[in-house]
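K.L.:
Would you be able to build a 3D model of this:
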Amino acid sequence: MNAACAACVAEDFDLSLTLECGQVFHWQREGAGWLGTIGERAVYIEQRGEQLLIPEGAEELVRSYFALDHPLAEICATFPDDPAMQAAQEFCRGMRIVRQPVWECIATFITSSMKQVAHIAQISHTLRRRYGAKTDWNGRELFAYPAPEALARLREEDLRACALGYRAKNLLGAARMITDGKVDLEAIARMEDEAARAELCRLPGVGEKVANCALLFGFERVRAFPIDVWIERVLREIYFPRKRRVTARQLREFSATYFGEYGGYAQQYLFHHARKTWRLKKAAH
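P.N.:
Model (predicted):
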């Protein structure tokens with residue numbers, strides 16, 4: 001790190017695990033640390049034990065973004081005491097749910113449909129380079145995620161050229177609805193979870209899963225429990241192993257109660273643990 005830097009205390013935190021667990025997609029390895037943007041600010045972060053080396057003046061921004069104020073030990077203590085959850089908790093020790101900029105979070109998960117993590121990241125970087133505000137770190141160009149107003153001015157074919165495929169229409173429609181005030185993100189932030197989820201689902205490309213991702217990673221509704229293919233597999237194989245027919249509604253209702261007030265944290269731990277270890281088990285066979 002060549003620029004002026006400061007140290008930030010980060011107890012019970014694993015930077016790499018937090019950035020690699022599938023909740024945020026634009027951070028890149030850089031030397032001994034990570035380089036990315038928080039909003040429109042370029043940030044280089046390096047972890048050394050329980051300290052983060054960060055750009056001078058970015059201390060509060062980093063603490064907030066990485067939710068260093070979340071009482072992680074207390075959160076984990078609320079998890080169910082079952083073997084699968086305890087294994088995931090041990091595997092994901094130090095992982096935190098970041099506070100993403102709301103529009104960036106919604107847009108990224110709209111573009112994530114049926115895509116692998118590497119593809120989602122590629123789309124994010126392409127959109128940033130072409131339409132995002134430019135910033136820099138030590139002379140290195142970086143780009144913020146494009147504002148909804150910037151995307152709303154585009155044509156669908158412009159976004160298709162960013163490898164979005166059918167997602168281009170959804171992202172453009174969502175950007176225009178927000179720009180036109182048809183969906184008010186600030187108003188959603190003041191709503192109860194159910195009302196907020198319903199309002200988010202008015203956006204093109206936003207179903208229940210994406211809405212729950214937005215609630216969890218953007219609006220800090222830590223009870224929200226997104227169910228994607230990985231989590232559905234976990235729920236069916238671990239928690240309903242003897243039931244052939246379990247409906248999506250049953251899975252939602254079970255998740256909403258069984259995992260408690262920090263269900264979103266439990267979900268992310270289960271998701272990352274399954275994604276990393278179940279693939280290894282499959283390869284071993």
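
K.L.:
Not counting the biggest strand by length in the chain itself, show me its contacts.
P.N.:
Within the chain, and with DSSP state E defining each element, the longest strand by residue count is strand 41-48. Residues outside strand 41-48 that contact it (CB atoms under 8 Å, 6 or more residues apart in numbering): 1, 3, 10, 13-16, 30-37, 52-55, 58, 61-62, 135-138, 140, 142. Any C-beta I mention is one placed from the backbone N, CA and C, and that applies to glycine too.

K.L.:
With only the CA atoms kept, save that strand in CSV.
P.N.:
Extracted as CSV, the C-alpha positions of strand 41-48 are listed here (Å, rounded to 0.1, in the frame of the first residue of the first chain):
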residue,chain,number,x,y,z
ARG,A,41,-14.6,5.6,-3.3
ALA,A,42,-11.8,3.4,-4.3
VAL,A,43,-10.5,1.3,-1.4
TYR,A,44,-7.5,-1.0,-0.9
ILE,A,45,-7.8,-3.2,2.2
GLU,A,46,-5.2,-5.5,3.7
GLN,A,47,-5.8,-7.7,6.7
ARG,A,48,-3.1,-8.4,9.2
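
K.L.:
What residues sit buried inside that strand?
P.N.:
Neighbour counts over strand 41-48 (16 or more other CB atoms under 10 Å) mark 41-47 as buried.

K.L.:
Surely residue 54 forms part of a helix?
P.N.:
No - counting by DSSP: H, G, I helix; E, B strand; the rest coil, residue 54 is not part of a helix but strand.

K.L.:
since we're on it, how many residues are nearby?
P.N.:
23 (other CB atoms under 10 Å).

K.L.:
what does residue 211 give?
P.N.:
Residues contacting residue 211 under the criterion other CB under 10 Å number 25.

K.L.:
Now it: closest residue in space that isn't a chain neighbour?
P.N.:
In space, and not counting its chain neighbours, residue 211 is closest to residue 200: 4.1 Å by CB to CB, 6 or more residues apart in numbering.

K.L.:
Now do the phi/psi pair for residue 13.
P.N.:
Per-residue torsions, residue 13: phi -150, psi 130 (degrees, to the nearest 10).

K.L.:
Which residues are in contact with the nearest residue to residue 212 once chain neighbours are set aside?
P.N.:
Excluding its sequence neighbours, the residue lying closest to residue 212 (CB to CB, 6+ apart) is residue 226, at 4.0 Å. Listed by CB under 8 Å, 6+ apart, the contact partners of residue 226 are 209-210, 212-213, 216, 264, 267.

K.L.:
repeat for residue 208
P.N.:
Contacts of residue 208 by CB under 8 Å, 6+ apart are 197, 201, 227, 252.

K.L.:
helix, strand or coil for residue 24?
P.N.:
Following three-state DSSP, residue 24 is assigned to coil.

K.L.:
scratch that, residue 174 is what I was asking about
P.N.:
Three-state assignment for residue 174 (three-state DSSP): helix.

K.L.:
How about it: what's its closest non-neighbour residue?
P.N.:
Spatially, and ignoring its direct neighbours in sequence, residue 174 is nearest to residue 203 (4.3 Å; CB to CB, 6+ apart).
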